[in-house]
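Asker: just coords:
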């Protein structure tokens, strides 16, 4: 069972995905979360507190992968795991991905938001670097940065123009991700 704060933040992520930053109001979040008017403002007194909460919630959800089974040590299996993440980002977790992009664009003009998003991204890339290092890559940090950037760019493109079907996404993502990882393995 989720607590009220989590319900609010999950509602806020849906609002960001559907309406963008301009639509992120306390009233809109109350509606998206199915809560009485004033609930969001009780937990998040200001819009900036709500935005900060959204960033924290995204990171919390992203880091749930740490609770998953250990990352594969075989490079091909690692590529398939990253392909799976990409498919999820475009399909079942589309709203989270759109919310993250909305926040990322807002961070261009908001130094505090930029710091929070950068800190979250660094945490995710550290997890990826661990997995990449476990697959035999010597410079795991650089490989993780390149893998994350490639996946992010491809996910953005897929959200904007497609493909959207899981099988098509996998076929489209796999070669580029394998290339990035393979380059660091000398393949």
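Answerer: Thanks, I have it. Remember, it's a predicted structure, so these values are computed and weren't measured experimentally.

Asker: how far away from the center of its chain is the top helix by length along the chain?
Answerer: In the chain, assigned by DSSP state H, the helix with the most residues is helix 111-134. Its chain's C-alpha centre and that of helix 111-134 lie 11 Å apart, by C-alpha atoms, centre = their mean, to the nearest Å.

Asker: now the closest residue to residue 166 other than its chain neighbours: which helix or strand?
Answerer: With sequence-adjacent residues excluded and distances taken as C-beta to C-beta, 6 or more residues apart in numbering, residue 166 is closest to residue 87, at 5.0 Å. Glycine gets a C-beta too; all of them are placed from N, C-alpha and C. Take DSSP states H and E as the rule and residue 87 turns out to sit in helix 75-90.

Asker: which residues does that helix contact?
Answerer: If you take C-beta atoms under 8 Å, 6 or more residues apart in numbering as the criterion, helix 75-90 is touched by 65, 71-72, 96-97, 131-132, 135-136, 147, 151, 154-155, 158-159, 164, 166, 169-170, 173-174, 177-178, 181-182, 185, 187.

Asker: got the residue ranges for the helices in the chain?
Answerer: 4-19, 26-33, 39-43, 47-62, 75-90, 94-107, 111-134, 140-161, 166-185.
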